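Asks: Here's my sequence, what's the structure:
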Amino acid sequence: MQIEILGCESFGARSLACVVKTDEKTILIDPGVALARLRSGLLPHPIEIAAAFRIKEKVLSAFGQATDVVISHFHGDHMPMRAEDPYQLPMEALPSLDGINFWCKGPENISGLSAKRRRELSDFLGFPLPVSEGKKSGNMDFSFPVPHGAREKGFGTVMMTRICEGDEVFVHSSDIQLLDREAVLKVLTWEPTIVFASGPPLYLSHRVPEAGKEALENALLLARHVDTLILDHHLLRSFEGYRWLKELSEKVETRVLCAAEFMGKTPKLLEAQRKTLYEKMPVPSGWHDAYAKGKADFGEYL
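Replies: As a prediction, this is how the structure comes out:
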């Protein structure tokens, strides 16, 4: 089994996209990318936009090789979009999708906006999206809905994916954020060797005060039963999250790391340092308006 992570916050933009290659399949999971529209009152810095562009290019290339595409839920950083902003992956940019099998979260327990995006993707593809929750196909299993974060917060649900080959079992647990014990226990019933998950949103600790403590308990439980635990996404929207990750790794013998480290790269937490980026590299007035109109590019920042 070969696992390539295409995008994550440790690569500089919001994503949880990856490709898993087995003997028979090339499975693209959560093919999307996005940027926070505002952090510290600031729009994305051109360096962040360049990072999102690089992820887009990798995802588009992966579509060309995929036999299967999995969409765990319908947030803009996990799927192709009817362009809502210039930073996301537009459906219109996709290559031919002939012969690709789609595996998607169903329409239940999602927001009105997610339901709209699900319909738009279905219309674009020209066929009804499948409801894959609880299904099994060959070496792939899909979970029944699990909470997007803390169950009581009511942020909807996501679908997790299990892929096995030989003695290796990879689980993409999407945006569980390690905030729901039942979701973590479900992952463990799958007996994974490698888990790729969103960690807790510590950058929102004022709104989710239990995130650090509850997630740490669940992360310890998970880490003690897997060979490799990759945590990223919500967790690495702040440097506090990276420190949390390093402290977790010191408590267990398991390999615990972020997506960039798993891919042998140096983490670049660009969203976390947006204010600093603007201070070090000021952006000309009107640049974002010009970029949105296609009259400015970020070539110098690539």
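Asks: Would you state the helices of the stretch 201-302 of the chain in chain order?
Replies: 211-223, 239-251, 259-262, 274-280, 287-292 (DSSP state H, counting those that start in this stretch).
Asks: Of those, flag the one that's most buried.
Replies: Of all those, helix 259-262 has the most neighbours on average by mean count of other CB atoms under 10 Å, namely a mean of 21. From N, CA and C alone the C-beta is placed, and that goes for glycine too.
Asks: Is it possible to get CSV of the helices of the stretch 201-302 of the chain that adds mean pLDDT and distance to residue 15?
Replies: Listed next are the helices of the stretch 201-302 of the chain as CSV, based on pLDDT from 0 to 100; distance: least, CB to CB, whole Å:
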stretch, mean pLDDT, distance to residue 15
helix 211-223, 90, 20
helix 239-251, 96, 16
helix 259-262, 98, 9
helix 274-280, 96, 17
helix 287-292, 88, 20
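Asks: Now the helix ranked longest in the chain: average pLDDT?
Replies: Longest helix of the chain, by residue count under DSSP state H: helix 46-63. Mean pLDDT, computed over helix 46-63, is 96.
Asks: Please apply the same query to stretch 156-175.
Replies: Stretch 156-175 comes out at a mean pLDDT of 97.
Asks: Okay, buried residues for it please.
Replies: 156-165, 169-175 (16 or more other CB atoms under 10 Å).
Asks: CA atoms of it as PDB?
Replies: What follows is stretch 156-175, C-alpha atoms only, in PDB (Å, rounded to 0.1, in the frame of the first residue of the first chain):
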ATOM      1  CA  GLY A 156     -23.200  17.300  11.300                       C
ATOM      2  CA  THR A 157     -21.500  14.000  10.500                       C
ATOM      3  CA  VAL A 158     -18.800  12.600   8.300                       C
ATOM      4  CA  MET A 159     -18.000   9.200   6.700                       C
ATOM      5  CA  MET A 160     -14.800   7.400   7.600                       C
ATOM      6  CA  THR A 161     -12.900   5.100   5.100                       C
ATOM      7  CA  ARG A 162     -11.000   1.900   5.800                       C
ATOM      8  CA  ILE A 163      -8.600   0.400   3.100                       C
ATOM      9  CA  CYS A 164      -6.700  -2.800   3.700                       C
ATOM     10  CA  GLU A 165      -4.000  -4.700   1.800                       C
ATOM     11  CA  GLY A 166      -2.200  -7.600   3.300                       C
ATOM     12  CA  ASP A 167      -1.300  -6.700   6.900                       C
ATOM     13  CA  GLU A 168      -1.700  -3.000   6.400                       C
ATOM     14  CA  VAL A 169      -4.900  -1.200   7.300                       C
ATOM     15  CA  PHE A 170      -5.300   2.600   6.600                       C
ATOM     16  CA  VAL A 171      -8.100   4.600   8.000                       C
ATOM     17  CA  HIS A 172      -9.000   8.100   6.800                       C
ATOM     18  CA  SER A 173     -11.200   9.200   9.700                       C
ATOM     19  CA  SER A 174     -11.900  12.700   8.200                       C
ATOM     20  CA  ASP A 175     -13.000  15.500  10.600                       C
END
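Asks: mind listing the strands in the stretch 1-150 of the chain by residue range?
Replies: 2-5, 18-21, 26-29, 68-71, 101-104, 136-137, 140-142, 146-147 (DSSP state E, counting those that start in this stretch).
Asks: Would you mind giving those as CSV with distance to residue 51 added?
Replies: Formatted as CSV, the strands of the stretch 1-150 of the chain follow (distance: least, CB to CB, whole Å):
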stretch, distance to residue 51
strand 2-5, 14
strand 18-21, 16
strand 26-29, 19
strand 68-71, 22
strand 101-104, 27
strand 136-137, 33
strand 140-142, 30
strand 146-147, 29
